[in-house]
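quick one: sequence plus predicted model below, questions after.
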Amino acid sequence: MPVLNKHYRRYDFESDLEKALNRVDFFRIFHTLALRYGFEHFGILQLANEHETSHLAGRLVLHDLPAGLAEAYDKRHRLNDSAIFKSFYKSTIPTVWLGDDPAENGAAGSSDFLEQIGFDMALAIPVHSIAGTRYVVLFLGDGEDIGRNAHYEICYEANCAFDYFYRKVLANKAGMGLTPRETEILRWISYGKTASEIALIVSVSEHTVNSHTATILKKLDVVNRTQMVAKAIREQIIQ
Amino acid sequence: MTATVHILLVDDDPAENVILSALMRKVTSYAITLHYVETVEAALDFIRAAGVRLDMILMDNRLQPQADFRETVPELRRNGYIGPVGVISSSISDAYFQKIDDYGVDFRIDKAELDPTAIEFILREYVKHDISAGE
């Protein structure tokens, strides 16, 4: 990952961002961000075309919502119908939604996202990746409102945190080089070893092996382990 | 239905067991049984006894007689434990914590950051039992 120079101002947030390694680290960063500004939870939503059906649970790429909440929401409501969802396609300006303002939230059309999901306040910060894909960093809580300076700060910090999260975790895609650990795991896969066997050999958890394997699949742009090994040999990544 | 998970806490301070047990009781979406030992050696004995299938090990970073996770976690791995391992510390910003992957650690978390939401997130990420959504 290219190191960002000083032109990219990250203030005192820089050290945490530079050190983040995995999804748990980014959970820590976003969760702390939420708590620091008086929210309880966060969610990062990937946006698709406005008219494509978007299930909340399916669009969340990282979140700390209570288990089952997004799925329960999807069973009863349509995210596409909510005023907050529609707002993402009208403007990229961050939006604040307050529970004591039901008419403004779309209650008339039974599309009041806040009431449906069970929080008093939401802050939605549209962001985008360096590849141009759109996401929204959503903060939810039971606060009354957010002040101007706090609003500016959380928006800036959410943008910085998302940028790192995208480049470090989400960006793995075809054509990117494999890390030494990924190449090592690929080699063991080519010898026919299972994930649990590789975990024992390499001294990591089975979860880590599976997560490296998923990354290799994406980077080599293949759909299964057989095609992975065939392509790796063809491209002389392994002998 | 609530999924049951077994977590082993390895920490030489019994007070941490009390604190973490209280935290775990606040997690509603999983029924967590927290087992507790004080040393890596005792953890290995616990695993070998195989009374329960462990879903995760949470380790204090500094445990006697080893120095830190760079010695303790490889010891667990050498003995064949391939489940998730998380390291708890109050100094995770130290430079050597950037190498957790090299030492077989899955994740790190600051003591101050461990709350019921963090525990739920970690279980969702690392423990395979699917909880029935919204039921």
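Cool, the structure landed. Residues are numbered from 1 along each chain as shown, chains lettered A, B, ... in the order given.

which stretches in chain A count as helices?
Here chain A has its helices, by DSSP state H, at A:14-19, A:23-36, A:56-59, A:69-76, A:83-87, A:102-105, A:113-117, A:148-165, A:180-190, A:195-202, A:206-220, A:225-234.

could I get these as TSV with distance to residue B:40?
Where you see a C-beta, it was placed from the backbone N, CA and C, and this is true even at glycine. Formatted as TSV, the helices of chain A follow (distance: least, Cβ to Cβ, whole Å):
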stretch	distance to residue B:40
helix A:14-19	26
helix A:23-36	22
helix A:56-59	39
helix A:69-76	37
helix A:83-87	49
helix A:102-105	53
helix A:113-117	43
helix A:148-165	33
helix A:180-190	24
helix A:195-202	18
helix A:206-220	19
helix A:225-234	34
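
and those helices as TSV, adding mean neighbour count, mean pLDDT and distance to chain B?
As requested, the helices of chain A are exported to TSV (neighbours: other Cβ atoms under 10 Å in any protein chain shown; pLDDT from 0 to 100; distance: least, Cβ to the nearest Cβ, whole Å):
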stretch	mean neighbour count	mean pLDDT	distance to chain B
helix A:14-19	15	93	6
helix A:23-36	21	96	4
helix A:56-59	20	96	8
helix A:69-76	17	95	3
helix A:83-87	19	94	20
helix A:102-105	14	70	22
helix A:113-117	21	92	12
helix A:148-165	18	97	14
helix A:180-190	18	94	7
helix A:195-202	19	96	4
helix A:206-220	19	94	5
helix A:225-234	15	93	18
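
residue A:46 is nearest to which of those helices?
Closest approach to residue A:46 among the helices of chain A (Cβ to Cβ): helix A:56-59, 5.3 Å.

looking at the helices of chain A, which is nearest to residue B:9?
helix A:23-36 (17.3 Å).

okay, angle between the closest one and helix A:148-165 too, please.
180 degrees (axes from the mean of the first three to the mean of the last three Cα atoms, to 10 degrees).

which strands or helices does helix A:23-36 pack on?
helix A:14-19, strand A:41-46, strand A:60-63, strand A:134-141, helix A:148-165, strand B:107-110, helix B:116-126 (3 or more Cβ pairs under 8 Å, 6 or more residues apart in numbering or on different chains; DSSP states H and E).

show me the contact partners of that helix.
A:16-17, A:19-20, A:40-42, A:44, A:62, A:64, A:137, A:139, A:141, A:154, A:157-158, A:161, A:164-165, A:168-169, B:86, B:106-110, B:113, B:117-118, B:121-122, B:125 (Cβ atoms under 8 Å, 6 or more residues apart in numbering or on different chains).

domain parsing for chain A?
A:11-170, A:180-234 (automatic domain parsing).

can you pull the phi/psi pair for the nearest residue to residue A:174 once chain neighbours are set aside?
Among residues not flanking residue A:174 along the chain, residue A:221 sits closest, at 3.5 Å (Cβ to Cβ, 6 or more residues apart in numbering or on different chains). Here is the backbone geometry of residue A:221 (degrees, to the nearest 10): phi 60, psi 50.

quick one: neighbours of residue A:221, just the number.
Using other Cβ atoms under 10 Å in any protein chain shown, residue A:221 is surrounded by 13 other residues.
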